[in-house]
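1. pasting the sequence and the predicted model now:
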Amino acid sequence: MRTQKSLGEFIIEKQADFPHAKGELSALLGAIKLASKIVNREINKAGLVDITGSNGVKNIQGEQQQKLDIYANDIFKNALIARGEVCGIASEEEDNFVFFDNKNSRNASYVVLMDPLDGSSNIDVNVSVGTIFSIYRRVSPNDGPVELDDFIQVGRKQVAAGYVIYGSSTMLVFTTGNGVHGFTYDPSIGMFCLSHESLKIPKTGKIYSINEGNYIKFPLGVKKYLKYCQEEDKTTNRPYTSRYIGSLVADFHRNLLKGGIYIYPQTAQAPSGKLRLLYECNPIAFLAEQAGALATDGYNPILDLKPTELHQRVPFFTGSPEMMETAHQFMEKYKDE
Ligand SMILES: O=P(O)(O)OC[C@H]1O[C@](O)(COP(=O)(O)O)[C@@H](O)[C@@H]1O
Ligand SMILES: [Mg+2]
Ligand SMILES: [Mg+2]
């Protein structure tokens with residue numbers, strides 16, 4: 001007998017908090033829930049079906065697209081088109097934004113930005129991967145085509161954001177600005193059930209998460225902070241432990257539950273870092289702040305950055321507030337070196 005609330009029940013219940021809500025956002029989240037189940041089913045049998053490996057095409061970021069990147073992109077896109085609450089999407093796997101110019105969707109109020117498959121380098125090696133989504137109200141008139149401005153809004157304007165983590169279990173974690181809630185997928189009943197209500201990140205932790213293989217290219221502030229993390233000092237819980245999965249969703253999820261800090265900084269070769277502002281950093285930053293964490297580019301809140309391009313990158317620091325404050329002190333101290 002199921003005791004936990006299902007995601008559908010939770011969304012309907014929360015909708016009551018918004019007397020003027022017409023159920024559009026609830027329906028939209030329902031489409032994301034459906035697409036997550038379909039992608040989850042494919043990922044679980046990734047070794048058996050012809051869904052691993054690259055499809056031989058590079059996306060606009062110059063990265064080899066994996067078959068699962070495209071599969072996930074199509075599943076989420078089609079589920080959103082079918083639901084009719086979304087007038088357009090932007091995706092890591094689409095060069096430009098896509099206007100859903102059909103009678104069902106063209107006048108809808110919401111746009112969705114997504115990273116259909118996060119952690120692509122881990123697909124073929126059975127390591128946790130994810131999907132990241134960010135939802136805004138359109139700013140263009142509902143009776144016209146969707147425009148670039150509908151997608152390049154500051155992160156603070158997000159009405160909802162979340163991720164799905166396809167790991168030892170599959171979870172959907174989201175916020176609509178009223179806390180962060182996690183739902184675990186129960187394949188025996190085919191439902192996401194409430195397992196982590198009102199998630200709050202621990203104020204501090206012992207985990208730092210960064211690709212140390214790039215160490216020599218890091219800014220001095222990051223190098224100094226890493227040395228600080230590795231020094232022996234029992235009074236401040238150091239040395240910390242290094243954990244790096246190489247899937248943003250999975251590294252963030254672990255730190256959200258246990259406390260920790262994740263950093264993907266700029267390097268000399270990549271002065272804006274690697275991660276994309278609109279469909280990786282903004283949604284994770286919204287969740288982070290709602291869970292009591294911080295999310296910055298090393299200096300300023302990610303959610304206050306004004307985007308200019310669909311696929312722009314940004315250095316990304318996020319995690320437990322006390323660890324972030326210390327990292328910021330190092331970044332500030334060595335800012336000009
Ligand atoms: O291999 P690197 O350079 O450490 O990069 C890993 C990072 O890149 C990403 O894989 C980028 O995301 P995609 O897989 O969606 O392109 C993040 O999930 C991860 O944190
Ligand atoms: Mg990604
Ligand atoms: Mg991706």
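-> Thanks, I have it. Ligands and ions are numbered 1, 2, ... in the order given.
2. what's the helix or strand for whatever residue of the stretch 101-250 of the chain ends up closest to ligand 3?
-> In the stretch 101-250 of the chain, the residue found nearest to ligand 3 is Asp115; the distance is 4.3 Å by Cβ to the ion. C-beta coordinates here come from the backbone N, C-alpha and C atoms, glycine included. Element membership of Asp115, judged by DSSP states H and E, is strand 110-118.
3. and the next helix or strand past that strand?
-> Next along from strand 110-118, by DSSP H and E: strand 129-137.
4. quick check: angle from the following helix or strand past that following strand to strand 110-118?
-> Using DSSP H and E, the helix or strand that directly follows strand 129-137 along the chain is strand 160-166. Strand 160-166 runs at 20 degrees relative to strand 110-118, counting by axes from the mean of the first three to the mean of the last three Cα atoms, to 10 degrees.
5. so where is this protein shaky, pLDDT-wise?
-> Along the chain, segments meeting pLDDT under 70 span 1, 17-21, 49.
6. the residue nearest the centre of it and Leu194, how far apart?
-> What sits nearest the mean C-alpha location of the chain, by Cα atoms, centre = their mean, is Ile132, with 3.8 Å. Distance, Ile132 to Leu194, using Cβ to Cβ, to the nearest Å: 21 Å.
7. packing partners for the strand holding Asp115?
-> helix 24-44, helix 67-83, strand 86-91, strand 129-137 (3 or more Cβ pairs under 8 Å, 6 or more residues apart in numbering; DSSP states H and E).
8. what residues does the stretch 101-250 of the chain have near ligand 3?
-> With Cβ under 5 Å from the ion as the criterion, the stretch 101-250 of the chain meets ligand 3 at residues 115, 117-118.
9. 6 Å instead?
-> Proximity of the stretch 101-250 of the chain to ligand 3, by Cβ under 6 Å from the ion, involves residues 115, 117-118, 120.
10. of the residues you listed, just say which sits nearest to Val249.
-> Closest approach to Val249 among these (Cβ to Cβ): Asp118, at 4.9 Å.
11. tell me, how many residues neighbour that closest one?
-> 28 (other Cβ atoms under 10 Å).
12. same question, Arg2
-> Counted with other Cβ under 10 Å, Arg2 comes out at 10.
13. name the SS class of it, please.
-> Three-state call for Arg2 (DSSP: H, G, I helix; E, B strand; the rest coil): coil.
14. show me which residues of this protein sit near ligand 2.
-> 115, 118, 248, 280.
15. ok, now with 8 Å
-> Within the chain, the positions near ligand 2 by Cβ under 8 Å from the ion are 92, 115, 117-120, 130, 132, 247-249, 275-276, 279-280.
16. out of those, which are close to ligand 1?
-> 92, 115, 118-120, 247-248 (Cβ under 6 Å from any ligand atom).
17. quick check: the residue of the stretch 51-200 of the chain nearest ligand 2.
-> Closest point on the stretch 51-200 of the chain to ligand 2, by Cβ to the ion, is Asp118, at 3.5 Å.
18. brain fart, the stretch 201-337 of the chain
-> For the stretch 201-337 of the chain, Cβ to the ion, closest residue to ligand 2: Glu280, 5.0 Å.
19. in a strand, that's where that residue is, yeah?
-> No - judged by three-state DSSP, Glu280 forms no part of a strand; its state is helix.
20. who's in contact with it?
-> Contact analysis of Glu280 by Cβ atoms under 8 Å, 6 or more residues apart in numbering lists 92, 115, 118, 132, 248, 316.
21. could you export the helices and strands packed on strand 110-118 as JSON lines, including distance to Pro271?
-> Listed next are the helices and strands packed on strand 110-118 as JSON lines, based on distance: least, Cβ to Cβ, whole Å:
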{"stretch": "helix 24-44", "distance to Pro271": "33"}
{"stretch": "helix 67-83", "distance to Pro271": "25"}
{"stretch": "strand 86-91", "distance to Pro271": "23"}
{"stretch": "strand 129-137", "distance to Pro271": "23"}
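22. distance of the residue nearest to Glu337 when sequence neighbours are not counted from ligand 1?
-> Spatially, and ignoring its direct neighbours in sequence, Glu337 is nearest to Leu220 (4.8 Å; Cβ to Cβ, 6 or more residues apart in numbering). From Leu220 across to ligand 1, the span is 20 Å (Cβ to the nearest ligand atom, to the nearest Å).
23. next, count neighbours for Leu220.
-> Neighbours of Leu220 (other Cβ under 10 Å): 14.
24. list phi and psi for it.
-> Per-residue torsions, Leu220: phi -60, psi -40 (degrees, to the nearest 10).
25. that one against Tyr334, yeah?
-> Yes - using Cβ atoms under 8 Å, Leu220 makes contact with Tyr334 at a distance of 4.1 Å.
26. appreciated, that's everything.
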